[in-house]
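Visitor: Generate a structure from the sequence data that follows.
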Amino acid sequence: MPIFNDTKVAFADKTDAQLRKAYWMFKMIEKPALTNIGTSLLNFTVHNNFPFVNGIVKNTLFEQFVGGETREESMKAVKQLFKRGVGSIFDYSIEGKEDEETFDAVCQEIKDIIKFSVGNPAIPFIVFKPTAFGRIDLYEAVGKNAELTSSQKEEWARVVKRFDEVCKLCHEHDKKVMIDAEESWMQDSADQLCEEMMEKYNQEKPIVWNTIQMYRTHRLEYMEANLQHAREKNYFIGYKIVRGAYMEKERARAAEKGYPDPIQPDKEASDKNYNAGIDFVMNHLDKVSAFFGTHNEVSSELVMDKMKAKGIENDNPNIYFGQLYGMSDNISFYLSDKGYNVAKYLPYGPVKDVVPYLTRRARENTSVAGQTGRELGLIKKELERRRK
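Guide: Reported below is the predicted structural model:
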């Protein structure tokens, strides 16, 4: 029997009614065509302030995938997860805004999260997206070493300042901060900023963690070059290792603009590259720590096997596992039950602002082979077990 199939452990906190509701929601997003229609309709109704939508969203999608509208409201989920040994990563899920006022407001929110979480082991990481602090076009221009205007230089200085303020505050309060990866065309400058923050704040331990998308080509080479630089400058590296979530967008843009496809040719190649990332971390634990963000059962078990083979304790502070809130509970709670370090991304924010995040996640789910089907199968199995 596969090790992640214990539905009694996975859904111990869920009532029958909650499981049936979750089954209905995963069933709705199982079909791409239905998901596209539903998410477009949801975005339209929320954008146009339909009065009934907030209540519907809060009682369905929010309940399954979001902690709440505020940090305080989300603490119920944080405490529930931590009772079972799973940490929470507050993910302030505001997307799609590109003005300086919003960038400053989000930066302040991230700093407030840091202060809010000080001394609370249930919240082991802080996280933010680079595009929450600056425009994607600006990241792209900086990454390409384009000549910036004076106003663009001032704008980039503000982006750097936001990065530094957050990383400095995390360093002062001994909180780890993960910087998410985004589209490939803006990632070079984000990587460079992450390296600068690591060199500055990771002298004693990994405070700043970059995100590596292994469905991209040349990421292993980047990690090797980053390690060499870290050894030269004597700092530690933290990585969140993921597969990636922008495949269709990446391929379409590469075809449209006529540059080489930055994505691995197929799922097998992506899986192979992810496994190579696992090996890279395991071979360099003296300098590298990793958060393996994956809903893939094979990858999770592979990390476990390699830890065991190298005599690494389950709760080694250099190795974390992570999944999204409301998904892959069969992996998260099995790992925590065995004493591994586990944390879930816990989105929160006002309904209107979080809907773009939720609809993006729904579309991603339909493109991940077997993910929704696995969730449905596990829920069905548990409901059947309870009826016996």
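
Visitor: Enumerate every residue touching Ile114.
Guide: Ile126, Val166, Leu169, Cys170, His173, Lys175, Val177 (Cβ atoms under 8 Å, 6 or more residues apart in numbering). Backbone N, C-alpha and C define where each C-beta goes, glycine included.

Visitor: can you map out the strands along the chain?
Guide: Applying DSSP state E to the chain gives strands spanning 86-92, 125-128, 176-179, 208-213, 237-242, 288-293, 319-324, 342-348.

Visitor: Phe103: which of those is closest?
Guide: Among those, strand 125-128 comes nearest to Phe103, with 10.7 Å by Cβ to Cβ.

Visitor: Could you check how far Gln264 is from Lys388?
Guide: Taking Cβ to Cβ, to the nearest Å as the measure, Gln264 falls 43 Å from Lys388.

Visitor: okay, those two: which has more neighbours?
Guide: Just comparing Gln264 and Lys388: by other Cβ atoms under 10 Å the higher neighbour count belongs to Gln264, 22 against 4.

Visitor: what's the burial count for the spatially closest residue to that one that is not a sequence neighbour?
Guide: Spatial nearest neighbour of Gln264, chain neighbours left out: Ser270 (4.4 Å); criterion: Cβ to Cβ, 6 or more residues apart in numbering. Counted with other Cβ under 10 Å, residues neighbouring Ser270 total 19.

Visitor: surely Ser270 meets Met214?
Guide: Yes - using Cβ atoms under 8 Å, Ser270 makes contact with Met214 at a distance of 6.4 Å.

Visitor: so what sits against both of the two?
Guide: Common neighbours of Ser270 and Met214 (Cβ under 8 Å, 6+ apart) are Arg243, Gly244, Gln264.

Visitor: Where does pLDDT dip in the protein?
Guide: Filtered on pLDDT under 70, the chain yields the residue ranges 1, 31-53, 95-96, 360-370.

Visitor: so which of the strands of the chain comes closest to Lys306?
Guide: Comparing these against Lys306 with Cβ to Cβ, the closest turns out to be strand 319-324 (9.7 Å).

Visitor: strand partners of the closest one, parallel vs antiparallel please.
Guide: When pairs are called by DSSP bridges, strand 319-324 turns out to pair with strand 288-293 (parallel), strand 342-348 (parallel).

Visitor: okay, the shared contacts of Ser270 and Met214 in TSV with distance to Glu63 next?
Guide: Below are these laid out as TSV (distance: Cβ to Cβ, whole Å):
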residue	distance to Glu63
Arg243	27
Gly244	28
Gln264	35
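
Visitor: Which one of the residues you listed is nearest to Glu154?
Guide: Within the shared contacts of Ser270 and Met214, the smallest distance to Glu154 is 32.2 Å, found for Gly244 (Cβ to Cβ).

Visitor: show me the residues around the closest one that make contact.
Guide: Ala181, Gln213, Met214, Tyr215, Arg216, Ile263, Ser270 are the contacts of Gly244 under Cβ under 8 Å, 6+ apart.

Visitor: how about it, phi and psi?
Guide: Gly244 adopts backbone torsions of phi 140, psi 160, taken as degrees, to the nearest 10.

Visitor: how close does it get to Leu148?
Guide: Using Cβ to Cβ, Gly244 is found at 28 Å from Leu148.

Visitor: One more: Asn330?
Guide: Separation of Asn330 from Leu148 (Cβ to Cβ): 48 Å.

Visitor: and those two? which has more neighbours close in?
Guide: A count of neighbours by other Cβ under 10 Å puts Asn330 above the other of Asn330 and Leu148, at 27 against 14.

Visitor: Glu109: neighbour count?
Guide: Glu109 is flanked by 18 other residues according to other Cβ under 10 Å.

Visitor: Name the nearest residue to it, ignoring sequence neighbours.
Guide: Nearest residue to Glu109 in three dimensions, chain neighbours excluded: Tyr92, at 5.2 Å (Cβ to Cβ, 6+ apart).

Visitor: ok, now which ones touch that neighbour?
Guide: Applying Cβ under 8 Å, 6+ apart, one finds that Tyr92 lies in contact with Val106, Glu109, Ile110, Ile113, Phe128, Ala132, Pro347, Tyr348, Gly349.

Visitor: between those residues, which has the most around it?
Guide: Neighbour counts for these (other Cβ under 10 Å) peak at Tyr348, which has 26 neighbours.

Visitor: In this structure it contacts Met75, no?
Guide: No - the pair Tyr348 / Met75 is not scored as a contact, 9.9 Å apart, by Cβ under 8 Å.

Visitor: Need phi/psi at Ser93.
Guide: Phi and psi for Ser93, reported as degrees, to the nearest 10, are phi -90, psi 60.

Visitor: which residues sit in contact with it?
Guide: With contact taken as Cβ under 8 Å, 6+ apart, Ser93 is in contact with Val66, Pro347, Tyr348, Gly349, Asp353, Val354, Tyr357, Leu358.
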